[in-house]
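# no sequence on this one, just coordinates:
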């Protein structure tokens, strides 16, 4: 039985208890007949004192020769030591090297591009390990909340013959002689599922061929999307804000150590409280103009505008009711030319987390908008069927998982929210 390092650091193992752990060498130094070897596993790091004469000669020699990232099994006695990382140390009675590593290519002060080239190795860093642990809990929290709310997880396709968000950002491919695309969104297929399950969601990869070099864009990302029958625009916003409150508070409670390691104050997440402010698009434009921004009605918000709208708030905020001409065909239009939609912006300039809307239910309206957009109706015939047979009011949303993790962890760049980031200049490794 192996003991996770986290249990020792958290004081769950009594001082003087004999334990066995396994992991990889994080760093080491030799001091005469004593080797201090810091070992890491998935849960933390622990200093092991390997003393000549206490362990066998073979084990002491192995501890002396083993380089960073060598795989080891260590057995010994737990003791408190304020000089050691985390305040605990293992006095080794055996130190078995399972694999002697070659010289590890990563050292201090490496360039970002180099670290991306060796991402398969850089994933072992404590920072990325912390992020991946947080991300796993974010996903678990999303699934738990959806289950409590009566949403069914579904598995929509990744390959599609139609666009959900416009053709300019589609990855096109040859599907046995037929033109197909990598999915931008599961929304249209999720809409089909509400007529049987009523409330559904999916967590799937989405792909956007956007030539954007920003700190918040990926060409491949994980997309959490939900759709609900008999749900108004206000109803879906209520679901989203309660979801975000639940995720933030759970992560603040269960990942406090990882957040602290990343420099993020868990108390800020624990303070996220629904409901959030709702700011109509027209009012947002007026606020920006009052701040001296050169923007007019009908313009979209970029990074700078989102920052100005949220720099003084501590809670997320909804921007609602954008002009219909700015938005896709499936959003419910109002008589005043706006649509029942929203973007949910994170505070302090982190940007958009969620986009959602009430969906258009009128067949003729959807057909006209598709034609005006230059789309062929036959490509959407299956989707149009949904408005012929039992159409009901419904609403939905899409949340970029990596954007949420970026905000939750307080990261500067979205690439550090995913193991192998895909951006416009990188598809390796």
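Cool, got the structure. All values derive from a computational prediction rather than experimental measurement.

# domain assignment for this protein?
By the assignment in automatic domain parsing, the chain contains the domains 5-99, 119-417.

# longest strand in the protein, please.
Longest strand in the chain, counting residues (DSSP state E): strand 18-31.

# partners of the following helix or strand past it in the sheet?
Downstream of strand 18-31, the first helix or strand assigned by DSSP states H and E is strand 34-41. If you go by DSSP bridges, strand 34-41 pairs up with strand 18-31 (antiparallel), strand 44-51 (antiparallel).

# ranking those by burial, who's on top?
Across the strands paired with strand 34-41, averaging neighbours per residue (mean count of other C-beta atoms under 10 Å) puts strand 44-51 on top, at a mean of 22. Using the backbone N, CA and C atoms, a C-beta is placed for each residue, glycine as well.

# show residues contacting that strand.
Strand 44-51 has contacts (C-beta atoms under 8 Å, 6 or more residues apart in numbering) with 4-6, 8-9, 21, 26, 33-40, 59-60, 63, 74, 76, 81, 84-86, 88-92, 95, 126.

# repeat for stretch 323-335
With C-beta under 8 Å, 6+ apart, stretch 323-335 has contacts from 164-166, 187-188, 233, 281, 297-298, 300, 321, 337-341, 357-361, 365-366, 369-370, 373, 375.

# residues of it that come out buried?
Buried residues in stretch 323-335, counted by 16 or more other C-beta atoms under 10 Å: 323, 324, 327, 328, 329, 330, 331, 332, 333.

# follow-up on the earlier one: now the contacts of strand 44-51: which count as buried?
Of the contacts of strand 44-51, these count as buried by 16+ other C-beta under 10 Å: 4-6, 8-9, 21, 26, 35-40, 59-60, 63, 74, 76, 84-86, 88-92, 95.

# turn the strands paired with strand 34-41 into a markdown table, including distance to residue 254 and mean pLDDT.
Supplementary listing: these in a markdown table, determined by distance: least, C-beta to C-beta, whole Å; pLDDT from 0 to 100:
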| stretch | distance to residue 254 | mean pLDDT |
| --- | --- | --- |
| strand 18-31 | 22 | 97 |
| strand 44-51 | 15 | 98 |
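
# so which of those comes closest to residue 157?
Each of the strands paired with strand 34-41 has some distance to residue 157 by C-beta to C-beta; the shortest is strand 18-31, at 39.1 Å.

# now render the buried residues of stretch 323-335 as a markdown table, adding secondary structure.
As requested, those are exported to a markdown table (DSSP: H, G, I helix; E, B strand; the rest coil):
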| residue | secondary structure |
| --- | --- |
| 323 | strand |
| 324 | helix |
| 327 | coil |
| 328 | coil |
| 329 | coil |
| 330 | coil |
| 331 | strand |
| 332 | coil |
| 333 | strand |
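
# from those residues, which is closest to residue 401?
Out of the buried residues of stretch 323-335, the member with the shortest distance to residue 401 (by C-beta to C-beta) is residue 328, at 21.1 Å.

# all strands for the stretch 51-200 of the chain, in order.
71-80, 88-99, 152-153, 159-160, 172-175, 178-182, 199-207 (DSSP state E, counting those that start in this stretch).

# could the ones you listed go into JSON lines alongside distance to residue 110 and mean pLDDT?
Below are the strands of the stretch 51-200 of the chain laid out as JSON lines (distance: least, C-beta to C-beta, whole Å; pLDDT from 0 to 100):
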{"stretch": "strand 71-80", "distance to residue 110": "23", "mean pLDDT": "98"}
{"stretch": "strand 88-99", "distance to residue 110": "23", "mean pLDDT": "98"}
{"stretch": "strand 152-153", "distance to residue 110": "40", "mean pLDDT": "99"}
{"stretch": "strand 159-160", "distance to residue 110": "38", "mean pLDDT": "94"}
{"stretch": "strand 172-175", "distance to residue 110": "35", "mean pLDDT": "96"}
{"stretch": "strand 178-182", "distance to residue 110": "32", "mean pLDDT": "95"}
{"stretch": "strand 199-207", "distance to residue 110": "29", "mean pLDDT": "98"}
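
# as JSON lines, the ones you listed with distance to residue 405 would be great.
Formatted as JSON lines, the strands of the stretch 51-200 of the chain follow (distance: least, C-beta to C-beta, whole Å):
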{"stretch": "strand 71-80", "distance to residue 405": "29"}
{"stretch": "strand 88-99", "distance to residue 405": "29"}
{"stretch": "strand 152-153", "distance to residue 405": "19"}
{"stretch": "strand 159-160", "distance to residue 405": "26"}
{"stretch": "strand 172-175", "distance to residue 405": "28"}
{"stretch": "strand 178-182", "distance to residue 405": "22"}
{"stretch": "strand 199-207", "distance to residue 405": "13"}
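
# most tightly surrounded among these?
Note that of those, strand 199-207 is the most buried (mean count of other C-beta under 10 Å), with a mean of 21.

# what are the pairing partners of that strand, and which direction each?
strand 152-153 (parallel), strand 220-229 (antiparallel).

# residue 121: which of the strands paired with strand 34-41 is closest?
Using C-beta to C-beta, the strands paired with strand 34-41 put strand 18-31 closest to residue 121, at 11.4 Å.

# identify the residues contacting the closest one?
Contacts of strand 18-31 (C-beta under 8 Å, 6+ apart): 1-5, 8, 13, 35-41, 45-46, 63-64, 66-78, 90, 93, 98, 101, 124.

# same check, this time on stretch 382-394
By C-beta under 8 Å, 6+ apart, stretch 382-394 touches 162, 188, 191-192, 194-195, 227-232, 358-359, 361-363, 366-367, 377.

# PyMOL command for the buried members of those?
Under the burial definition 16+ other C-beta under 10 Å, those of the contacts of stretch 382-394 that qualify are selected in PyMOL by:
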select buried, resi 162+188+191+192+194+227+228+229+231+358+359+366+367
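
# hang on, the earlier thing: columns distance to residue 388 on top of the strands paired with strand 34-41, output as TSV?
Listed next are the strands paired with strand 34-41 as TSV, based on distance: least, C-beta to C-beta, whole Å:
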stretch	distance to residue 388
strand 18-31	59
strand 44-51	57
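
# where does this protein have low pLDDT?
Low-confidence segments of the chain, defined by pLDDT under 70: 166-167.

# all the helices of it, residue numbers only.
For the chain, applying DSSP state H gives helices covering 5-9, 57-65, 112-117, 119-122, 126-148, 187-197, 233-254, 256-261, 266-270, 281-290, 303-310, 363-372, 381-385, 401-409.

# return the residue of this protein that is most distant from the centre.
Distance from the C-alpha centroid of the chain peaks at residue 53, with 48.5 Å (C-alpha atoms, centre = their mean).
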